[in-house]
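Student: 3D, please:
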Amino acid sequence: MKRLLPVLGALVLVAAVLAVVVWQRSDTVAAPLPPPGDVVLQYADGSPLWRSGEPETPLVKQVTKELATSASMTVGQLREVGGATVVTTIDPKAQSGALEVIRTASAGQPASLRYSITAVDPNTGAVTAYAPGTDPAADYAGGVLKEPGQAFFPFNVVAALQSGKTLDSTYDGRSPRVFGQVSISDEAGCGERCTVREALRKSGNVVMYDLVANDTGIRPVVTAAHQAGVPESVDLDGTKTKLLVGDGDGLPNAGVSLGASEARMRPLDLAAAYATFAAEGTQHKAHFITRVTNAGGNLVYRAVDPAKPAFDQDPARSKDIANQVTGALRDGGACGADAACLNGEWRAGVSDREQVAHAWTVGYTPRASVAVFVGGDRAAAPAVDKDGRAVVGSGLPNEMWRAMQEKLTP
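Tutor: Next comes the predicted model:
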């Protein structure tokens, strides 16, 4: 028996060594992954919005794009680990309201017209409604770049206030006026001593161009737009496109002050930027996702709100600038006593009102910032309504904006 003990001890030692070697082998079979599961998108209230395998609408594509860029996750990756639930910021009541407004407004109108309604919560940056139009293959809320026209004017005013100008600073608003080799005209009827306040309310192109070209300069205006929330660049069909730039990605020309071609942006960007004015100068990043949980219900991503004063490092100064712009827009009464908004349009290179390419109403209340876009289906195609009249901001877009506000009323 004594002679067997050393042998048994040696066998035990060999068995232990073999066990360690087998445990360390690289080809050891790993624990099986869970079977692929569905990725479900939900509205903000938890009701179903979309499930993986269903056709992807423009709204779903915006959500999944944000999922990849902000959360570093793809639908495919989430399916491979058993699935996930993505809670979006989209409010079902606001979304259905926006879709209904577009359906009602487009009834009987020319098939060539395109529409979108985008709503952003000023208090959080949450995109609460995203209705990109009647064509399911096109995204006229976040998939196109359009000249904002007069809807760009608040950024000019911010730059002016930052430079020490006031809303009561005066300029020669007589139309037309020639600046170098550029002739600028408008229908504001603003007169020889037109204040910045009047030019903002009356869509005074002459004053706005003069203000930027001869006083504030172009760079501060571009900066003001970015401070408000217009992104440096956007992803359009997988292509990164810089905003508010000119040739060679340099500064745009002074035409940016009129919301011209070098000021092009998405309707989504305008809604997000105007939300900063509604939030009294606090900028919240526009976003579509609130949180993501895995198949086990564990939180794997939550949106973080990087709120910051937009127009000045001093929150009080930023608030004052935003509120001055809001006061001027609200006094204009373009969208009712409680709302601040601008109507505008962009013409296809001519002054004839029958050649309006697209039109806007962009505005806000403390509850929501809403951008309404109506335009032709091509860049230079005129936007004409069912009666053969040019679509202007104070017409169909304004009617849609007001109808959307009724949908948003608690």
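Student: and the next element down the chain from the lowest-mean-pLDDT helix or strand in the chain?
Tutor: Among the helical and strand segments of the chain, the one scoring lowest on mean pLDDT, DSSP states H and E is helix 4-24, with a mean of 37. Per DSSP states H and E, the first helix or strand lying C-terminal to helix 4-24 is strand 39-42.
Student: show residues contacting that following strand.
Tutor: Taking contacts as C-beta atoms under 8 Å, 6 or more residues apart in numbering, the residues outside strand 39-42 that touch it are 48-52, 60, 63, 75, 78-79, 83-88. (Each C-beta comes from the backbone N, C-alpha and C, glycine too.)
Student: of all the residues you listed, which comes closest to residue 293?
Tutor: residue 85 (5.0 Å; C-beta to C-beta).
Student: how near is that closest one to residue 358?
Tutor: 37 Å (C-beta to C-beta, to the nearest Å).
Student: who's more crowded, the two?
Tutor: Remark: of residue 85 and residue 358, residue 358 carries more neighbours, 29 against 19, as counted by other C-beta atoms under 10 Å.
Student: so what's the more buried one bridging to?
Tutor: Listed by DSSP bridges, the beta-bridge partners for residue 358 are residue 346, residue 375.
Student: now do the contacts for it.
Tutor: 146-147, 345-346, 373-376, 383, 391.
Student: one more: residue 123?
Tutor: Residues near residue 123 by C-beta under 8 Å, 6+ apart: 279, 284.
Student: the same query, at a cut-off of 10 Å, please.
Tutor: The contact partners of residue 123, by C-beta atoms under 10 Å, 6 or more residues apart in numbering, come to 275, 278-279, 282, 284, 305, 307, 366-368.
Student: do residue 329 as well
Tutor: 153-154, 157, 197, 200-201, 274, 277, 335, 339-342, 362-364.
Student: in helices, which of the residues you listed fall?
Tutor: 153-154, 157, 197, 200-201, 274, 277 (DSSP state H).
Student: identify the farthest-apart pair in these.
Tutor: Between any two of the ones in helices among the contacts of residue 329, the greatest separation by C-beta to C-beta is 17.9 Å, found for 197 and 274.
Student: more neighbours, these two?
Tutor: The residue with more neighbours, out of residue 197 and residue 274, is residue 274; 29 against 21, by other C-beta under 10 Å.
Student: wouldn't that one be in contact with residue 229 here?
Tutor: Yes: the pair residue 274 / residue 229 is scored as a contact, 8.5 Å apart, by C-beta atoms under 10 Å.
Student: one step back: show me just the buried residues among the contacts of residue 329.
Tutor: Using 16 or more other C-beta atoms under 10 Å as the burial test, the contacts of residue 329 include 153-154, 157, 197, 200-201, 274, 277, 335, 339-342, 362-364 as buried.
Student: nearest to residue 208, of these?
Tutor: Nearest to residue 208 among these, with distances taken as C-beta to C-beta, is residue 153, at 5.7 Å.
Student: I figured that closest one hits residue 256, correct?
Tutor: No: if you go by C-beta under 10 Å, residue 153 and residue 256 don't touch, sitting 11.3 Å apart.
Student: which parts of the stretch 301-410 of the chain are strands?
Tutor: Under the criterion DSSP state E, counting those that start in this stretch, the stretch 301-410 of the chain contains strands at 308-309, 340-347, 356-364, 369-375.
Student: scratch that, the stretch 101-250 of the chain is what I was asking about
Tutor: Going by DSSP E, counting those that start in this stretch, the stretch 101-250 of the chain shows strands at 114-120, 127-131, 170-171, 177-179, 182-184, 194-195, 233-236, 239-242.
Student: what pairs with the fourth one, and is each one parallel or antiparallel?
Tutor: By that I understand strand 177-179. Strand 177-179 has these strand partners (DSSP bridges): strand 182-184 (antiparallel).
Student: ok, and what's touching the strand it pairs with?
Tutor: Residues outside strand 182-184 that contact it (C-beta under 10 Å, 6+ apart): 175-178, 204-210, 213, 253-255, 257-258.
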